[in-house]
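Peer 1: Give me a 3D structure for the following:
(one chain, ligands or ions: 1)
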Amino acid sequence: MTISTKKNVQKLNNLEFYDFKPKLVDFKEEVISGLSKKEKTLAPKLFYDKKGSELFEQIVELEEYYIPLIEKKLLMDNIISINEFMGENVSIIEPGSGSCEKVRRILSAHKSIKNYIPIEISGDFLFHAAEKVAKEFPNINIIPICADYLNNFSLPESLKKESKNKVIFFPGSSIGNYDSNDVIKVLKKFIELTDNQGGLLIGVDLKKDKDVLEKAYNDSKGITAQFNLNLLHRIKNELNVDLDVNNFEHQSIYNQEVGRIEMYIVSKKQQSFMIDNLKISFEKDEKIHTENSYKYTVNEFRDIALSLGYKKHFYWTDEKEYFSINYFQL
Ligand code: AVI
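Peer 2: Numbers count the residues shown, from 1 in each chain. Modelled structure (predicted):
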């Protein structure tokens, strides 16, 4: 099915689809610019082609990658208090909603949700995920917005006027993939989206033992390694580059000083490959930095959010204090 693209179009019973036609990632441009830097990088958004998304689905099932399981349990165990904090007539906005899986726990447990607004860059994927939610929750208005959640879009005027109680749902410690300046940008955007009066329900991964963290990002089945090295498969296949993925390896280390997992692709030997006429050369052990995943203490994250204008903070953690769910109120 083609999705019509005036800014607000597709209407189906309780679903209204808005398309802001976000600029899609230019893979070749991103790869050339990242690999031409002195310290080579590839942006984490490049992980998620079809294969990368499938591998990520496997990561979230791994026991060593504790985040999804703990987050699910915290949400289930504390859903009554979370719902009370969210209040009545809520509009839930989910930036980067993916398959809209996690939000179902909230939508089914809360009796007073009026609107659910998933925001995602890939239109078809968003439409189909939202359509499923719309069928499952016929009494909630589902308003998917196809956009880059940090840029060039706005909420429908009707929603702005009618719904005062907006809550941003940002699970999975996705916030951890932003560097400190960008965290501030993201949280300010969330505040703007809720018109300075809503809430933020956010999952934040916590600082902990280096060993536990490194196991989570170097799992014993090697799925995270495949996920990381899939970037090279993409370069090889999509850009028609003659490179041998076996000459590279996956590395994840916890940088305790900065409080982040750093993920790299490491060149096992001196080598080079060509992208069109551009030669990309590697020394032995030279790295491509592919991802940061920041970890916080509860207080560190609370201080950032409160410094930006949130007034109240409630949080829940597991016994081992591996992970936190936080509710901030403006
Ligand atoms: C998506 N994001 C929150 C994951 C994380 O933990 O930083 C991505 C990931 N990378 C390797 N494993 C999981």
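
Peer 1: How about the residues of the stretch 51-200 of the chain by the ligand?
Peer 2: 59, 172-174, 176-177 (C-beta under 6 Å from any ligand atom). All C-beta spots, glycine's among them, are computed from the backbone N, C-alpha and C.

Peer 1: From these, which land in helices?
Peer 2: residue 59 (DSSP state H).

Peer 1: Low-confidence bits of the stretch 1-150 of the chain, can you list those?
Peer 2: 1-11 (pLDDT under 70).

Peer 1: let's see 80
Peer 2: Applying pLDDT under 80 to the stretch 1-150 of the chain flags the ranges 1-12.

Peer 1: Identify the residues contacting the residue of it found nearest the ligand.
Peer 2: Going by C-beta to the nearest ligand atom, the ligand is nearest to residue 59 of the stretch 1-150 of the chain, at 5.1 Å. When contacts are counted by C-beta atoms under 8 Å, 6 or more residues apart in numbering, residue 59 touches 65, 219, 223-224, 227.

Peer 1: For the stretch 51-200 of the chain, which segments are assigned as helices?
Peer 2: Listed in chain order, the helices of the stretch 51-200 of the chain (DSSP state H, counting those that start in this stretch) span 67-77, 79-86, 103-109, 123-136, 157-162, 180-193.

Peer 1: To residue 42, which of these lies closest?
Peer 2: helix 180-193 (16.9 Å; C-beta to C-beta).

Peer 1: thinking again about what came up before, Throw the helices of the stretch 51-200 of the chain into CSV and include mean neighbour count, thanks.
Peer 2: Listed next are the helices of the stretch 51-200 of the chain as CSV, based on neighbours: other C-beta atoms under 10 Å:
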stretch, mean neighbour count
helix 67-77, 17
helix 79-86, 16
helix 103-109, 17
helix 123-136, 18
helix 157-162, 12
helix 180-193, 16
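
Peer 1: Pretty sure residue 55 sits against residue 228.
Peer 2: No. Using C-beta atoms under 8 Å, residue 55 and residue 228 do not qualify as a contacting pair, with a distance of 9.1 Å.

Peer 1: Can you pick out the residue with more neighbours from those two?
Peer 2: The neighbour count for residue 55 versus residue 228, taken as other C-beta atoms under 10 Å, is higher for residue 228 (27 against 20).

Peer 1: so that one is in which element?
Peer 2: Element membership for residue 228 (DSSP states H and E) is helix 223-238.

Peer 1: how distant is that helix from the center of its chain?
Peer 2: 19 Å (C-alpha atoms, centre = their mean, to the nearest Å).

Peer 1: what about whichever residue of the chain sits closest to the ligand, how many residues close to it?
Peer 2: Nearest residue of the chain to the ligand (C-beta to the nearest ligand atom) works out as residue 293 at 3.3 Å. Around residue 293 sit 23 other residues, with neighbours defined as other C-beta under 10 Å.

Peer 1: ok, now which ones touch it?
Peer 2: 173, 176-177, 205, 217, 260-261, 263 are the contacts of residue 293 under C-beta under 8 Å, 6+ apart.

Peer 1: can you give me the strands for the stretch 151-300 of the chain?
Peer 2: 166-170, 199-205, 248-255, 260-267, 271-275, 278-282, 287-294 (DSSP state E, counting those that start in this stretch).

Peer 1: Return the list of strands paired to the third one, each annotated with direction.
Peer 2: Neighbouring strands of strand 248-255 in its sheet, by DSSP bridges, are strand 260-267 (antiparallel).

Peer 1: So what angle separates the directions of the strand it pairs with and helix 223-238?
Peer 2: With axes from the mean of the first three to the mean of the last three C-alpha atoms, to 10 degrees as the basis, strand 260-267 and helix 223-238 are set at 50 degrees to each other.

Peer 1: so strand 260-267 versus helix 180-193, what angle?
Peer 2: Using the same axes, to 10 degrees, strand 260-267 lies at 120 degrees relative to helix 180-193.

Peer 1: for the residues of the stretch 51-200 of the chain next to the ligand, which one is nearest residue 192?
Peer 2: Closest to residue 192, out of all of those and judged by C-beta to C-beta, is residue 174, at 18.1 Å.

Peer 1: And the contacts of stretch 23-42?
Peer 2: 43, 45-46, 121, 148, 231, 234-235, 238-239, 265, 275, 278, 280, 286-290.

Peer 1: same check, this time on stretch 127-134
Peer 2: 1, 3, 10, 12-15, 17, 97-100, 103-104, 107, 116, 118, 120, 140, 142, 144, 146.

Peer 1: Which ChimeraX command selects the buried ones in these?
Peer 2: Filtering these down to the buried ones (16 or more other C-beta atoms under 10 Å) takes a single ChimeraX command:
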select :10,14,15,17,97,98,99,100,103,107,116,118,120,140,142,144,146
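
Peer 1: Identify each buried residue in stretch 140-156, please.
Peer 2: 140-149, 153, 155-156.

Peer 1: Name the pair among these with the greatest separation in space.
Peer 2: 140 and 148 (24.5 Å).

Peer 1: okay, the strands of the stretch 151-300 of the chain in JSON lines with mean pLDDT next?
Peer 2: Converted to JSON lines, the strands of the stretch 151-300 of the chain look like this (pLDDT from 0 to 100):
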{"stretch": "strand 166-170", "mean pLDDT": "97"}
{"stretch": "strand 199-205", "mean pLDDT": "98"}
{"stretch": "strand 248-255", "mean pLDDT": "98"}
{"stretch": "strand 260-267", "mean pLDDT": "98"}
{"stretch": "strand 271-275", "mean pLDDT": "98"}
{"stretch": "strand 278-282", "mean pLDDT": "98"}
{"stretch": "strand 287-294", "mean pLDDT": "98"}
